[in-house]
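Enquirer: model this:
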Amino acid sequence: MHLVMFDIDGTLTETMKVDEECFVRSFNDVFGLTDIDTDWSNYPGTTDSGIFHDVFTSRIGRSPTAQETSQFRQHFIQLLAAASSQSPFTPVAGADRLLSRLAQGGSHRVSLATGGWRDSARLKMASAGMCYEDFPSASADDALDRESIIRLSRQRAAERYGRFGSTVYVGDGVWDARACRSIGIPFIGIATGSRATRLSAEGAVCVFPDYRDTDLFLSSVYETTNVA
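Expert: As a prediction, the model looks like this:
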C-alpha cells in the first residue's frame, strides 16, 4: 500500500487568489499592516502560521501573543467564509473525482498536508464539494514549517491505514517541491505555464495542469510510488 499526500490551495481547490486577498486584508484590518510581500516563496516557513509569525515579528518587533494569533486567524476565516458565501470555491478540475477513486482503490490511500490552518482548509474543501475530515491530515495548526507538516501527515496516515511502501506528495508551490526534496519523497506538481516550468526545475517528477485526465495522473502516481 502507498500514500498519496495532497496540498490543498491550488492543488485540490482553486483558492490561491482568494486566500491571498483575505490573508493580506486581515493584516490591515486587525493590525493596520500594509504592503505585505505576497511572494510566499520568500518566507522561510511557507505556511499560514509561519508567514503570520514572520510578518508580525518583522513589522511589530516581537513575536505575536496567542491572543493576537487567534484574533488574526479568526478574522481571516471570517473573510474566507464571506467570500465563499458570495461565490462557492471550485475544485481544481477533476480533484473530487480523483480523491474518490484513490479512496476506493486497494493500493493507495490519501492524506492531506496543508500550509493553511485547519479551519480554512476545511472551509475551502467543503465549499468546493470535498470533505477535509475524510482523510488524515496535518496543517499550519501543527507546525510553522512544511517539512514538519508533511512528516506529521504521513505519521497520522500510518496510524489510520497501517504501514506504507512509499509516499508521493502532490502540490502546486515551489515550497512544496523544496520540502519534499528536503524530506526525500517524490513530488508531483499541479501547475501551468511558467509555474509548471519552475516546479520541474525544482525537481518535480512530472507536472499536470489538473486532474481532468484521471487515468494519466493515476498512472504517473502508480509508477512513481512503485519506483520509490
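Enquirer: any figure for the gap between the residue of the chain most remote from its centre and Arg163?
Expert: For the chain, the C-alpha farthest from the mean C-alpha position belongs to Gly61; by CA atoms, centre = their mean, that distance is 28.6 Å. Remark: distance between Gly61 and Arg163 (CB to CB, to the nearest Å) = 47 Å. Every residue, glycine included, has its C-beta placed from N, CA and C.
Enquirer: one step back: phi first, then psi, for the residue farthest from the centre of the chain.
Expert: phi 90, psi 10 (degrees, to the nearest 10).
Enquirer: elements contacting the longest helix seen in the chain?
Expert: Counting by DSSP state H, the longest helix found in the chain is helix 66-86. The contact analysis (3 or more CB pairs under 8 Å, 6 or more residues apart in numbering; DSSP states H and E) places helix 66-86 against helix 16-31, helix 48-60, helix 118-127.
Enquirer: looking at these, spot the one closest to Glu159.
Expert: helix 118-127 (17.3 Å; CB to CB).
Enquirer: now tell me what touches the following helix or strand past that closest one from outside.
Expert: Downstream of helix 118-127, the next assigned helix or strand under DSSP states H and E is strand 137-138. The contact list for strand 137-138 (CB atoms under 8 Å, 6 or more residues apart in numbering) reads Ser111, Leu112, Ala113, Thr114, Arg118, Ala121, Ser148, Ile149, Ile150, Leu152, Ser153, Arg156.
Enquirer: could you redo the last one with a cut-off of 10 Å?
Expert: Strand 137-138 is contacted from outside by 5-6, 8, 110-114, 118, 121-122, 146, 148-157, using CB atoms under 10 Å, 6 or more residues apart in numbering.
Enquirer: narrow those to those that are buried.
Expert: Those of the contacts of strand 137-138 that meet the buried threshold are 5-6, 8, 110-114, 118, 121-122, 146, 148-154, 156-157, by 16 or more other CB atoms under 10 Å.
Enquirer: narrow the residues you listed to those in strands?
Expert: Mapping the buried ones among the contacts of strand 137-138 onto strands (DSSP state E) picks out Met5, Phe6, Val110, Ser111, Leu112, Ala113.
Enquirer: these: which two are farthest apart?
Expert: For those, the farthest-apart pair by CB to CB is Val110 and Ala113; their separation is 10.8 Å.
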